[in-house]
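Undergrad: Model the structure of this input:
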Amino acid sequence: QVQLVESGGGLVQTGGSLRLSCAGSGSIFSIRTMYWYRQAQGKQRELVAHITIYGRTNYADAVKGRFTISRDNAKNTVYLQMNSLEPEDTAVYYCGADVLLANSENRMDGGNRFWGQGTQVTVSS
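TA: Numbering: from 1, shown residues only. So this is what the prediction gives:
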């Protein structure tokens with residue numbers, strides 16, 4: 001139906017930067033809100049940031065001023081620019097999207113939330 005594919009994770013030193021991308025494909029009529037979550041080993045998944053279709057953003061306190069979420073609606077893609085990375089940012093990062101689905105006639109036909117497979121971000125001290 002819908003696939004979300006993340007990229008851009010990797011290993012970086014403290015203070016470094018990474019840019020994550022998440023591209024959606026499949027039976028997409030439009031995407032309302034897009035999310036970035038993360039899950040560190042042994043911890044619960046937590047919301048990092050989200051962005052609405054109108055570009056309104058919200059961030060977790062832990063990343064405010066360091067991370068920036070953005071999106072390209074034409075490409076069904078969401079980005080997460082991560083600067084001043086800290087070891088505490090080490091986690092698997094997942095993107096999510098609230099998708100309005102398209103039927104075979106390209107008309108809206110329901111909706112659902114979809115998730116990517118995750119990408120590892122490791123920040124060394």
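
Undergrad: Would you map the strands across the protein?
TA: 2-7, 10-13, 18-26, 28-39, 46-51, 57-59, 67-72, 77-82, 91-102, 108-115, 119-124 (DSSP state E).

Undergrad: Of the ones you listed, flag the one that's most buried.
TA: strand 77-82 (a mean of 23; mean count of other C-beta atoms under 10 Å). The way it works is simple: take the backbone N, C-alpha and C, and place the C-beta from them, glycine included.

Undergrad: what pairs with T68 across the strands?
TA: Q81 (DSSP bridges).

Undergrad: and the gap between it and V48?
TA: Distance, T68 to V48, using C-beta to C-beta, to the nearest Å: 11 Å.

Undergrad: Which residues are in contact with W115?
TA: W115 is in contact with L4, Y94, C95, G96, counting by C-beta atoms under 8 Å, 6 or more residues apart in numbering.

Undergrad: go again using 10 Å as the cut-off
TA: By C-beta atoms under 10 Å, 6 or more residues apart in numbering, the residues touching W115 are V2, L4, E6, C22, Y35, Y37, Y94, C95, G96, A97.
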